[in-house]
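> Provided below are the primary sequence and the corresponding predicted coordinates.
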Amino acid sequence: MIRTLFLAAGLVFAAFGAVQAADVEKPDLTLGVGGKPLLYYLPLTLAERLGYFKDEGLNVEINDFGGGAKSLQALIGGSVDAVTGAYEHTIRMQQKKQDIRAVIDLGRYPGIVLAVRKAEADKFKTVADLKGANIGVTAPGSSTHILVQYAFAKNGLKQDDASFIGVGGGASAVAAMQKGEIDAISHLDPVISKLQDLDLINVLIDTRTTQGTEDLFGGMNPAAVLYFKESFIKDNPKTVQALTNAFYRTLKWLETATPEQVAATVPEEYWLGDKALYIKAFNASRQSYSTDGTIDEASMKSALNLLTTADPAFDTSSIDLAKTFDGSFLAKAKAQ
């Protein structure tokens, strides 16, 4: 009898999934990301590994690029349908007449750390000392790069006062510091925690925490979001809703999950060879994740200020912040 009930339940679930798959306009879609193993993008990996995409009738192929700027380029070029990437890209692309909109916030703080090589700590004591340095970032133009530009502007330096080197999103970034190829690094966990564990770096800026984010920006600053071309949202509203549902469900899971549950859910290779270190890295970044998925007006303005400070030539005349975030799908996800 019990076996029969389980079989019946399985058939009902399978039928439900089939109905959803038939309901969405594009059940098979491609999502771009720049550095999937990074804790910055943890909600994406969790949504995938927990089966939440499949629960929504979606078959999501994830393309992992060398940095957020590259995943954005893939969206503009049409090789991916959606991106989990930095919110500021939605603002920057408005200036370029590209209508890109976020539908859910995954990270309320950037989670980015700027640190210097410990062996050269006497030379690089402050951000202002980084003039002429070789600084590793995930990829030029990505959020890790933009944050350093912002810090440079606040400390009287120009954008080209240092050399920025793309070091990728995982073990390659650690290796670049170990080999002495860079003097400083702007990166995320678990890379930062790994470098700290190896006693290779001194931290100058830490936006993994509330305090560190407020110290740099004077308030909150949204980070990773799920974004699309506005045309895709218009043509595929049920697909966008399904993805939003999956990510909101993930945020709620993450809000109460233990560090051990998180580590057990992600692929082992994300641990960089050390599960205890990954747990430590997650704990260091935990405050950075959004709990409700929304982006308020103050956070939008903070993100715009990041761009205008990093690039004084940035033209804000064509920017309409209200069009960078469509909260209607999130509202429906919350109501379910």
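Okay, I see it.
> from here on, contacts and neighbour counts on C-alpha atoms
OK.
> pretty sure F152 contacts V127?
Yes - in this structure, F152 is within contact of V127 by CA atoms under 8 Å, at 6.8 Å.
> of those two, who's got more company?
Set F152 next to V127 and count neighbours by other CA atoms under 10 Å: F152 wins out with 23 against 20.
> which parts of stretch 247-256 are buried?
With burial defined by 16 or more other CA atoms under 10 Å, the residues of stretch 247-256 counted as buried are F247, Y248, R249, T250, L251, W253, L254.
> How far away from the center of its chain is it?
Chain-centre distance of stretch 247-256: 15 Å, with CA atoms, centre = their mean, to the nearest Å.
> contact partners of that stretch?
Residues from elsewhere that reach stretch 247-256 (CA atoms under 8 Å, 6 or more residues apart in numbering): 43-44, 46-47, 52, 104, 106, 262, 289-293, 330, 333-334.
> Are any of the residues you listed buried, and if so which?
Taking 16+ other CA under 10 Å as the criterion, what is buried in the contacts of stretch 247-256 is 43-44, 46-47, 52, 104, 106, 262, 289-293, 330, 333.
> among those residues, which are in strands?
I104 (DSSP state E).
> and the host helix or strand of A69, what's its mean pLDDT?
In the assignment (DSSP states H and E), A69 maps to helix 68-77. The pLDDT scores in helix 68-77 average 92.
> In helices, which of the buried ones among the contacts of stretch 247-256 fall?
P43, L44, L46, A47, Y52, V262, L330, A333 (DSSP state H).
> Let's have the residues you listed in TSV, adding pLDDT and distance to P27.
Formatted as TSV, these follow (pLDDT from 0 to 100; distance: CA to CA, whole Å):
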residue	pLDDT	distance to P27
P43	98	20
L44	98	17
L46	98	19
A47	98	16
Y52	98	13
V262	98	27
L330	98	19
A333	98	18
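> How about residues contacting the host helix or strand of M93?
Applying DSSP H and E as the criterion places M93 in helix 88-95. With contacts defined as CA under 8 Å, 6+ apart, helix 88-95 is touched by 72, 99-102, 143, 223, 227, 303-304, 307, 315-316, 318-321, 324.
> Ok, stretch 70-83 next?
Counting by CA under 8 Å, 6+ apart, residues outside stretch 70-83 touching it are 29-34, 63-65, 85, 89, 139, 226-229, 232.
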